[in-house]
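Peer 1: Below is the sequence, then the predicted model.
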Amino acid sequence: MSIVAITNAPSPALERCELTHLERTPIDYRVALQQHRGYQEMLRACGGEVVALEANRDHPDGVFIEDTAIVLDEVAVMMSMGAESRRGEPAAIEAALRKYRAIERVSLPATIDGGDVARAGRTLLVGQSSRTNAAGAAELARIAARYGYRVITVPVTGCLHLKSACTALPDGRLLVNREWIDVRPLASFGTVDVPNDEPHAADVALVGESVCMAAEHPRTRELIESLGFTVRTTPLSEFAKAEGAVTCLSLIFGVP
């Protein structure tokens, strides 16, 4: 099984991105390009085959490719995005995904962003957020059930997407910021809390045997390493200004 990581180049309009929980601050596009290249190198260092798209250049948030789809072992599900300004993004990404997976899709009036879907084994945790409505979660549950997945919905209160506050570690435990989500639906999972002074650190990506995360969260890195996992980091400060994090910048999946 090889690992594919599809990425998409940052738009020159990145500074005009959608913002929900952060005040707008200047984004250095030159630095963002450097950080994106560093991110791709991190994925390669973990053994990933990086597919570098140059799509959606006119969409400020287009670099956050994770939100356009979720890729399961059997199928890719195209999202029906919650922000109207982003609904033109999935079409170009679907064209790339068709090389690897059959396609299903969620359609309006259901809305759902890929950043609201965290996978833990055969369970999909789906955030109930400003971008994902009840109809979106229900439609994904209907599709996923055909392939043997169950869906658990998780209310999101303090951040943009569920993955901003909850992602899976290699042993199946969840790394969480419990201040931003309702953790009661996660009672069947073991959880690991991020340090209070690194609230944005719960967003990590698994690539092979490695945990990938932003370099801006050193205490959380130490915490994860203390659990016995290999951690790789790269600076992502410019994308954090756009409410983005490590999972947002790629679609990662296995290919036989």
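Peer 2: Arrived safely, thanks for sending. Numbers count the residues shown, from 1 in each chain.

Peer 1: Please list all residues in contact with residue 130.
Peer 2: 20, 82, 156, 160 (C-beta atoms under 8 Å, 6 or more residues apart in numbering). For every residue, glycine as well, the C-beta is placed using N, CA and C.

Peer 1: For this protein, which segments count as helices?
Peer 2: Under the criterion DSSP state H, helices of the chain are mapped to 29-45, 90-97, 134-145, 218-226, 237-240.

Peer 1: what's the first one packed up against?
Peer 2: In terms of contacts (3 or more C-beta pairs under 8 Å, 6 or more residues apart in numbering; DSSP states H and E), helix 29-45 is packed against strand 2-8, strand 48-53, strand 230-234, helix 237-240.

Peer 1: quick one on the thing from earlier: quick one: which two of the contacts of residue 130 are the most distant?
Peer 2: 82 and 156 (11.6 Å; C-beta to C-beta).

Peer 1: and for these two, which residues touch both?
Peer 2: With C-beta under 8 Å, 6+ apart, residue 82 and residue 156 have common neighbours 129-130.

Peer 1: For residue 77, see how far away residue 133 is.
Peer 2: 16 Å (C-beta to C-beta, to the nearest Å).

Peer 1: Next: residue 97.
Peer 2: 10 Å.

Peer 1: between these two, what contacts are shared?
Peer 2: Contacts common to residue 97 and residue 77, judged by C-beta under 8 Å, 6+ apart, are 69, 71, 103.

Peer 1: tell me which of the residues you listed is nearest to residue 30?
Peer 2: For the shared contacts of residue 97 and residue 77, the nearest to residue 30 is residue 69 (28.7 Å; C-beta to C-beta).

Peer 1: Report the beta-bridge partners for the closest one.
Peer 2: Residue 69 has these beta-bridge partners by DSSP bridges: residue 78.

Peer 1: I figured it hits residue 96, correct?
Peer 2: No. Residue 69 is not in contact with residue 96 according to C-beta atoms under 8 Å; the separation is 9.5 Å.

Peer 1: the more surrounded of the two?
Peer 2: Each of residue 69 and residue 96 has its neighbours counted (other C-beta atoms under 10 Å); residue 69 has more, 26 against 19.

Peer 1: Tell me who's in contact with residue 123.
Peer 2: So residue 123 contacts 149-152 (C-beta under 8 Å, 6+ apart).

Peer 1: Recalculate using a threshold of 10 Å.
Peer 2: Residue 123 is in contact with 144, 149-152, 168, 172, 188-189, counting by C-beta atoms under 10 Å, 6 or more residues apart in numbering.

Peer 1: Check what pLDDT residue 59 gets.
Peer 2: With respect to pLDDT, residue 59 has a value of 98.

Peer 1: Quick check: it touching residue 8?
Peer 2: Yes. Counting by C-beta atoms under 10 Å, residue 59 sits close enough to residue 8 to count as a contact (9.4 Å).

Peer 1: Between the two, which contacts overlap?
Peer 2: What both residue 59 and residue 8 touch, as defined by C-beta under 10 Å, 6+ apart, is the set 89, 92.

Peer 1: Those two: who's more crowded?
Peer 2: More neighbours surround residue 8 than the other of residue 59 and residue 8, with 27 against 21 (other C-beta under 10 Å).

Peer 1: is that one in a bridge, and if so with what?
Peer 2: Residue 8 has these beta-bridge partners by DSSP bridges: residue 53.

Peer 1: Between the contacts of residue 130, identify the one with the most neighbours.
Peer 2: residue 160 (28 neighbours).

Peer 1: Now do residue 2: how many residues are near it, please.
Peer 2: 11.

Peer 1: returning to what we had before: looking at residue 133 and residue 77, which is more packed in?
Peer 2: residue 77 (25 against 17).
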